[in-house]
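In: model this:
(2 chains)
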Amino acid sequence: MTRITVNVDGVEYSDDVEPRTLLVHYLRETLGKTGTVVGCDTSNCGACTVHLDGRSVKSCNVLAVQADGHEVTTIEGLAETAGSDGKLHPMQVAFHEAHGLQCGYCTPGMIMQACDLLKENPDPSEQEIREGLEGNLCRCTGYHNIVKAVQQAAAAMATDQPEPAREEVAS
Amino acid sequence: MSALSQRPDDAAVGLTVPHESAALHVTGAALYTDDLVGRFRDVLHAHPVQAPHAHARISRLDPTPALHVPGVVRILTAADVPGLNDSGVLGDQPLFPAEVMHHGQAVCWVLGETLEAARRGAEAIAASGVDYDPLPSVITVREAMAAGSFQGADRHVQRGDVETALHDAAQVFTGETEFAGQEHFYLETHASLAVVDESGQVFVQSSTQHPSETQGIVAHVLGVPDHAVTVQCLRMGGGFGGKEMQPHGFAAVAALGATLTGRPVRVRLTRAQDVTMTGKRHGFHAAWRVGFDAEGHFTALEATLTSDGGWSLDLSEPVLVRALCHVDNAYFIPNVSVRGRIALTHKTSQTAFRGFGGPQGMLVIEDIIGRCAPQLGLEPHELRRRNFYTAGQTTPYGQEVRHPDRLVRAWDTIAESAELDTRRAEIATFNASHATAKRALAVTPVKFGISFNFTPLNQAGALVHVYKDGSVLINHGGTEMGQGLHTKMIQVAATALGVPLHRVRLAPTRTDKVPNTSATAASSGADLNGGAVKDACEQIRARLDAVDDGAGLAWEDLVAKAYLARVQLWAAGFYRTEGLGWDAATMHGHPFKYFAYGVAAAEVEVDGFTGAYRTRRVDIVHDVGDSLSPVVDVGQIEGAFVQGAGWLTLEDLRWDEGDGPDRGRVTTQAASTYKLPSLSEMPEVFNVTLLPDAHEDGAVYGSKAVGEPPLMLAFSVREALRQAAAAFGPPGVSIDLASPATPEAVYWAIELARSAVPATPVPYAAGPAPRDGSPAAGDVEPVSAPPWQVQT
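Out: Take a look at the predicted model:
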């Protein structure tokens, strides 16, 4: 067992984990964060995508000990990181409104990946969205509305963001 | 317009509303069955011991080695079953088998304090607790045909006089068509969680499309009446038919473990377990003879369809019936003799998958058209259009085809909106100037019968409560797997009661709320349950209207007044589809309430060096009647199309067909080896529209079912690939394209086209169909004949 200290969705946790424990199992079974789901077991589907220090990772492909001393954001904490008093992140709003989901199982991972995509490229083309989400599988939607949702979120975030802040991001 | 189909003004049906669980999905709050485990104490985890043989007798099974593993609590074997040791309804699917019937079959289950303990226990049994006597196995459908390995009832659809018609036909073609199955790959694997309460009531939460059947099978395994078992399905992370029949055994294992230990038991399959243990879409083999008159009209079709049923019957019989009822697709064929049979192979028990045999039947006729059109000297789209049903014509099984004009309307709409003539000219120009890349555009129709073929299943129930404060809670027998059924049911209830959508809440599907439900399947969830919800709401509405007596009270005031007047504010609703009739023995009757129609046009570009391709544009016009929920319906169409394209072009399900020790093993056990559609295979341009003015008299609020029919719109991609491959060769050459049409298969089709001599059929060598995607040599008899034996 190894002692790890991880900040997950803004709360600090200290737990003993086996070195081989996957981050997704730590999140689901130790912390009860079941919003992050397991889909494929082979790191193909991306349903388990979370942010590790702000960058997207497939949490089935990261060991819990690798998160020691780091910050993890799951779908359950994403709204808080939007900094808007419990209001949804614009990406969550967009998936909701654009019907970018059906069974919902891939949705948390899609949203987390899409947030990371926009962080790198706030104004992606349709092609760039497709490429940026290629590592996430959806068996229901045919992806069309997922792309639309990301476009909608990008537009919303662009207008929400005051100009100076955008410059800060750019610099 | 019927009372069932008529919409009031200001109806909540037809509005664009988000998915009823969307807010939960986007926040991660939506619970799937396995998310519940942490909410229970002392849960035991179940792990199977999977057999390493395709077919074997279990000569010894000793659970003792597992009992020495720390954390192992109990082993479940056949000896523990107090009731019936069967996970199906036909008596041929033992839950704990004495004879292994497919590679990976569970022979017993280990319960552990942790999943790891259970897994180690299972490994201990596999290592030293179980012995097998291997038996000869049948893996491919061709092996089964050669060995005479069949199961279940043969079926035969017949009309007219095929032999005479073929004799009199202007042209007759003969061929074989073989195509693969499909793994469901719902992102949420099978999961069940069972607990027993203080009175012995068993409560199973299961990811199941058919809670009532899960309940019945858990009950018969436990040897208790149905009322002692309650099954709940919160929601599924995808189903696609794969959770219609397959969840029952896993629920029974969880329930058996819970009753024997008194502790909650969780069964949650890993992806590899799910792929190796649960059934898939049936692959089929078809041998056919088809006749055309001088104008290119079908005169006769004779065919034998053999489905690859896997090790047990499961849903293979109804799947076969639906295949036989869809071999005509949208085309009138006056003389028909189509036989169907089910191969018994030592593979997973193949089962329902979106379309339920319909796609397989339709693929046969679309393959025939795609292969015969060049020989007839007709453009494939012209051959298709020429054979559409017209008003008054009936299907081979005797049902009148209502509204065939809608298909024509969809076809003509696409021709205009997708500028097909212009683009065909552009494609011809492109192809003339490009030697190493070719484009093609194909248009294909869908006609899909809606209702369960087996008439008794076309019934549903609902339970609607209006509380004193005017809030409404509805329950119905359908399950939610992402298709938006619950969303539609809330809209139906709000419409029927005349209340705003936010006044209606929907409770999870449970067998103690609505009993004796049919599976959420056959695309019929909204038709059936919508009818039942509407019925319940109308009963309540009628009582309230009597209380109101024309006063026009506000909803809350009316409800309060009714309560004080001692008026019942809840109702059980019931619906059965009227006007159906089906003789299963003669395969004749009126099994479907109506047909859903659609048309798709797909344009592809194929690379001549590799066979790699991309889908440049797809246009779809689909008939959902008067949509209950347009954004939900369009989403279903898009998703079904992509899933169909996956089946037909990407998803290459492989089994070890060799004679080595792993014979019969699924070799594509994960998304790493089984190619699922991803964002990179999306059509570059994707236009989906709903057919306007398409009111359906026979369904709730004028709507039509949408779950399955659009899957078959993906035939357009396969046919476009065939045409693009053909463009590498001389005109007039029939091109056989393997299914799935992977880049490799397309490459072989291109080679076939390139090697063809104009207007002379290519001789084929005899032999079994290769599984490398190369052309299916020996597709016809006699040995040296071409695959389209022409007799004029």
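In: residue in the stretch 51-200 of chain B nearest to chain A?
Out: B:Leu187 (4.2 Å; C-beta to the nearest C-beta). Any C-beta I mention is one placed from the backbone N, CA and C, and that applies to glycine too.
In: from what I can see that residue touches A:Asn44, true?
Out: No. Counting by C-beta atoms under 8 Å, B:Leu187 sits too far from A:Asn44 to count as a contact (10.7 Å).
In: any common contacting residues for the two?
Out: Common contacts of B:Leu187 and A:Asn44 (C-beta atoms under 8 Å, 6 or more residues apart in numbering or on different chains): A:Leu137.
In: just want to know which of those two has more residues nearby.
Out: B:Leu187 (30 against 22; other C-beta atoms under 10 Å in any protein chain shown).
In: which SSE is the more buried one in?
Out: In this structure, B:Leu187 sits in neither a helix nor a strand according to DSSP states H and E.
In: tell me which residues touch it, please.
Out: The contact partners of B:Leu187, taken as C-beta under 8 Å, 6+ apart, are A:37, A:39-40, A:45, A:47, A:103, A:105-106, A:137-139, B:237-238.
In: quick one: B:Ile139 and B:Gly664 touch, right?
Out: Yes. Counting by C-beta under 8 Å, B:Gly664 is a contact partner of B:Ile139 at 5.3 Å.
In: pLDDT at residue 8, what is it?
Out: With no chain named, the answer covers chain A. Model confidence at A:Val8, given as pLDDT, is 98.
In: can you look at chain B instead?
Out: With respect to pLDDT, B:Pro8 has a value of 96.
In: how near is it to B:Glu302?
Out: Note on B:Pro8: its distance to B:Glu302, by C-beta to C-beta, to the nearest Å, is 51 Å.
In: same thing with B:Glu116?
Out: B:Glu116 sits at a distance of 57 Å from B:Glu302 (criterion: C-beta to C-beta).
In: so those two - more neighbours on which side?
Out: Neighbours of B:Glu116 and B:Glu302, each counted by other C-beta under 10 Å, are more numerous for B:Glu302; the result is 21 against 14.
In: same for the helix or strand encompassing B:Gly530, what does it pack against?
Out: Using DSSP H and E, B:Gly530 maps to helix B:525-548. Identification of packing neighbours for helix B:525-548 by 3 or more C-beta pairs under 8 Å, 6 or more residues apart in numbering or on different chains; DSSP states H and E yields strand B:459-466, strand B:472-476, helix B:485-497, helix B:555-564, strand B:570-576.
In: which of these sits most buried?
Out: Of all those, helix B:485-497 has the most neighbours on average by mean count of other C-beta atoms under 10 Å in any protein chain shown, namely a mean of 26.
In: what sits up against the longest helix along chain A?
Out: Under DSSP state H, the helix in chain A containing the largest number of residues is helix A:144-160. In this structure, residues lying in contact with helix A:144-160 by C-beta under 8 Å, 6+ apart are A:90-91, A:93-95, A:97-101, A:110, A:114, A:117-118, A:122-124, A:126, A:129-130, A:133, A:138, A:166, B:635, B:638, B:679, B:682, B:686, B:688.
In: ok, the residue nearest to B:Asp607 when sequence neighbours are not counted - contacts?
Out: In space, not counting the residues next to it along the chain, B:Asp607 is nearest to B:Ala437; the distance is 5.7 Å by C-beta to C-beta, 6 or more residues apart in numbering or on different chains. Applying C-beta under 8 Å, 6+ apart, one finds that B:Ala437 lies in contact with B:605-608.
In: so which of these belong to strands?
Out: B:605-607 (DSSP state E).
In: any chance of these in a markdown table, plus neighbour count?
Out: Converted to a markdown table, the ones in strands among the contacts of B:Ala437 look like this (neighbours: other C-beta atoms under 10 Å in any protein chain shown):
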| residue | neighbour count |
| --- | --- |
| B:Glu605 | 20 |
| B:Val606 | 28 |
| B:Asp607 | 17 |
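In: for the residues you listed, which one is nearest chain A?
Out: The shortest separation between chain A and any of these is 16.1 Å, and it belongs to B:Glu605 (by C-beta to the nearest C-beta).
In: wait, the closest one touches B:Arg439, no?
Out: Yes. The pair B:Glu605 and B:Arg439 qualifies as a contact (C-beta under 8 Å) at a distance of 4.7 Å.
In: anything in contact with each of the two?
Out: B:616, B:724.
In: and the residue of chain A nearest chain B?
Out: Nearest residue of chain A to chain B: A:Gly35, at 2.0 Å (C-beta to the nearest C-beta).
In: name the nearest residue to that residue, sequence neighbours excluded.
Out: A:Gly35 sits nearest to B:Gly28 (C-beta to C-beta, 6+ apart), 2.0 Å away.
In: export the contacts of B:Leu187 as CSV, with columns for neighbour count and secondary structure.
Out: Compiled in CSV, these are given as follows (neighbours: other C-beta atoms under 10 Å in any protein chain shown; DSSP: H, G, I helix; E, B strand; the rest coil):
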residue, neighbour count, secondary structure
A:Val37, 27, coil
A:Gly39, 29, coil
A:Cys40, 24, coil
A:Cys45, 29, coil
A:Ala47, 27, coil
A:Cys103, 30, coil
A:Tyr105, 29, coil
A:Cys106, 31, coil
A:Leu137, 23, coil
A:Cys138, 32, coil
A:Arg139, 27, coil
B:Gly237, 29, coil
B:Gly238, 26, coil
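In: need those in TSV (columns: distance to B:Trp109 and pLDDT).
Out: Formatted as TSV, the entries for these read as follows, by distance: C-beta to C-beta, whole Å; pLDDT from 0 to 100:
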residue	distance to B:Trp109	pLDDT
A:Val37	24	98
A:Gly39	23	98
A:Cys40	23	97
A:Cys45	26	98
A:Ala47	26	98
A:Cys103	27	98
A:Tyr105	25	98
A:Cys106	29	98
A:Leu137	29	98
A:Cys138	32	98
A:Arg139	27	98
B:Gly237	23	98
B:Gly238	24	98
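In: pick out the most distant pair among those residues.
Out: Using C-beta to C-beta, the pair of those lying farthest apart is A:Cys40 and A:Cys103, separated by 14.7 Å.
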